[in-house]
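Visitor: Sequence and computational prediction follow.
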Protein chains: 2
Amino acid sequence: MKKISIKDIASKAGVSVSTVSFVLNNKAKEMRISDEKVQIVKKIAAEAGYKPNLLAKSLRTGKTKTIGLMIDDISNNFFASIAKVIELEAKKLGYKVFYCSTENDPVRAKEILQLLEDAHVDGFIITPTEKLQTEIKRLLQINKKVVLLDRYFPDINATCIMVDSYKGAYDATSLLLKKGYKTIALVSNDLHMIQMQQRENGYRDALKAMKIKYDQKLVTRLHYIGGEEEDMVDRLVDFFERCPDADAVFFLNNSLGIVGLKALRKLEYKIGKDIAVISFDDNLVFALNTPAISVVSQPIQDIGTQAVELLIRSIEEGKSLPGKTILKSGKVIVRESF
Amino acid sequence: MKKISIKDIASKAGVSVSTVSFVLNNKAKEMRISDEKVQIVKKIAAEAGYKPNLLAKSLRTGKTKTIGLMIDDISNNFFASIAKVIELEAKKLGYKVFYCSTENDPVRAKEILQLLEDAHVDGFIITPTEKLQTEIKRLLQINKKVVLLDRYFPDINATCIMVDSYKGAYDATSLLLKKGYKTIALVSNDLHMIQMQQRENGYRDALKAMKIKYDQKLVTRLHYIGGEEEDMVDRLVDFFERCPDADAVFFLNNSLGIVGLKALRKLEYKIGKDIAVISFDDNLVFALNTPAISVVSQPIQDIGTQAVELLIRSIEEGKSLPGKTILKSGKVIVRESF
DNA sequence: CTGAAAGCGCTTACAG
DNA sequence: CTGAAAGCGCTTACAG
């Protein structure tokens, strides 16, 4: 019942541990081990149900065949989906992934990065929180492989894969405009992440293209409060009451959209009649809402797959990462909310 | 920039590696190391930013201070919430947790268990899939620490923490009955997990207590198909068409509830008017639906906390786990769906 | 009070 | 073609 080691196999097979190691790592031909020994070692290993001790292997080789994935919040559909894609893709390439959520807390984010580093992951896939530049720079400096997701820092030459936020927001806003809505409220948060800014820019430029002037009063940046959703709902209710002439609203991510739905319900607005609604990011809640909410959906499969491929190729072939941002197009899905 | 080791510190401090090890593991007094040496070692370690190599530590001690958490589906709110609780609780006690989802696939579940074992986790928290008895028995036999969540196998003496499914279903059904609904449809799945059976029993006994006879035609056990939700919706539509006199429906978990909402929408049933609805497990979709759906909510915090505590106590103190099922009460939350 | 040494389970030059 | 040995970075009896 005890775990058996390479040494046990060696003695049973009457060969040295080196021979066993070579055979078990498929280096038999390379090392020109005789067929006879190969057979006997393989047989004994199989019979004994030998499993290499990964801890020992990693300690020796310096590789763990794992990648660390840090995301915002695993209970958020967008991140859960992307985590799933990444795990699957990594598995295909022989890697395990450890995932951790930051809950948007920079302190926790730093801890997690430390944890992952302590666990000797071979590479990192990270959706950064605010104020994480220093940590990421440090990782890059000690030559760790890092791919960023969903957002980047303009002042770091990291590789980042994300949806084209500007274009997505531009398209969503344009569509609303084309449908005849003129007074479009915009709901963002105060987290100061670059992709939110780009979404705001997309909105602004879409207005400009239609010669509609940007109205500060129609834009709010909700103070993000971890967990305390009720407060956010109330603030949003206030906001809507301050601009009663808004005939449409654009929520800049799915958390905001969900909070927004609650606020609109509280106000007893009829979505699609009193106000048109669209949100960045798709979510089950949006698809199931009555009426179903239109969204800008992210190419999750695409983003996840490429992140893993770039990272692992870099780990295995020592290739350096591109070090720049790669944009993927989102897709506007029109449902019943306008 | 290179990682520094205990040996580096020893030579800088002019002491042996043993001394360094003792100091850094707070065994200085125990080993009666002189204060002077303690100071110098601590100082040098701090300055160098020394971080022990956990791989080496684990290889040597046989402990990794990690626990493996295997759940059904991380994108399912119930499991995501419980994962969060467990991670937090474990951290308090100095443990990391690795989480993996099975997607209800027994093959994948076995792989994951193997993965976790390979990673040398100190203990397991598992929501088992079908056909996992053998694996769990094996784990128990080689003396691994295991806590089951949400469901158990009647033929194994494992420790399991779960909601009182019978009571939750009994209460929900009774409430419906008390409100005057007499023809209550029941929607389960065909996964044959014990907790679903208990929920069915709760339903059946609540009917019996009110002298209402159990009608086979009102009960369906949807064939579970990973991913292919559309099919399940269609089957459910068929089911509802086959029992047009149902004035209420009880979905036995949140996935079923979500599929059910889609089916009812397709049928254009007015929830709360044409049919009363309640579901086991709470979910954002239920709270946000129009009208909001009543649920039997699970004591997630409670379940997660106790699972971690029992497990870690068993790991550290070598205490054996209770080896039986611990039931926690759920709570009926009444909203607008009846 | 402290150090030298063995050993956790592996891999990989090196020598023959 | 194959084995003996060093070493990855730790911990922990053991000896003094």
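Guide: Structure received.
Visitor: Output the below-cut-off pLDDT ranges for chain A.
Guide: Applying pLDDT under 70 to chain A flags the ranges A:1-2, A:226-228.
Visitor: Break it into its domains for me.
Guide: If you go by automatic domain parsing, the domain ranges for chain A are A:6-52, A:62-163+A:301-328, A:165-297.
Visitor: now these as TSV including distance to residue B:117 and mean neighbour count?
Guide: Where you see a C-beta, it was placed from the backbone N, CA and C, and this is true even at glycine. Supplementary listing: the domains of chain A in TSV, determined by distance: least, C-beta to C-beta, whole Å; neighbours: other C-beta atoms under 10 Å in any protein chain shown:
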stretch	distance to residue B:117	mean neighbour count
domain A:6-52	8	15
domain A:62-163+A:301-328	13	19
domain A:165-297	34	19
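Visitor: Could you point out which of those domains sits nearest DNA strand D?
Guide: domain A:6-52 (3.4 Å; C-beta to the nearest atom of the strand).
Visitor: can that closest one be found next to DNA strand C?
Guide: Yes. Domain A:6-52 reaches DNA strand C (C-beta under 7 Å from any atom of the strand) through A:6, A:7, A:17, A:18, A:21, A:22, A:24, A:25, A:50, A:51, A:52.
Visitor: where does residue A:322 land in three-state SS?
Guide: Put simply, residue A:322 is coil when judged by DSSP: H, G, I helix; E, B strand; the rest coil.
Visitor: hmm, back to that, among the residues of domain A:6-52 next to DNA strand C, which pair sits farthest apart?
Guide: A:18 and A:51 (19.3 Å; C-beta to C-beta).
Visitor: Residue in the stretch 151-300 of chain A with the shortest distance to DNA strand C?
Guide: Using C-beta to the nearest atom of the strand, the closest approach of the stretch 151-300 of chain A to DNA strand C is made by residue A:159 at 27.2 Å.
Visitor: which one is residue A:308 nearest to, not counting chain neighbours?
Guide: residue A:89 (4.1 Å; C-beta to C-beta, 6 or more residues apart in numbering or on different chains).
Visitor: my bad, residue A:206
Guide: Among residues not flanking residue A:206 along the chain, residue A:173 sits closest, at 3.6 Å (C-beta to C-beta, 6+ apart).
Visitor: now the one you found, what's its secondary structure?
Guide: Going by three-state DSSP: residue A:173 is helix.
Visitor: Contacts only, for it.
Guide: Taking C-beta atoms under 8 Å, 6 or more residues apart in numbering or on different chains as the contact definition, residue A:173 lies against A:184, A:202, A:203, A:206, A:207, A:250.
Visitor: now, among the residues you listed, which is nearest to residue B:276?
Guide: residue A:250 (36.0 Å).
Visitor: ok but that closest one is inside a strand, no?
Guide: Yes. Counting by three-state DSSP, residue A:250 falls inside a strand.
Visitor: which element is the residue in the stretch 201-338 of chain A positioned nearest to chain B on?
Guide: Residue nearest to chain B within the stretch 201-338 of chain A (C-beta to the nearest C-beta): residue A:290, separated by 5.0 Å. Assigned by DSSP states H and E, residue A:290 falls within no helix or strand.
Visitor: For residue A:261, see how far away it is.
Guide: Here the criterion is C-beta to C-beta, to the nearest Å. By it, residue A:290 lies 11 Å from residue A:261.
Visitor: Any idea how far apart the tips of stretch A:179-195 sit?
Guide: One end of stretch A:179-195 to the other measures 26 Å (C-alpha to C-alpha, to the nearest Å).
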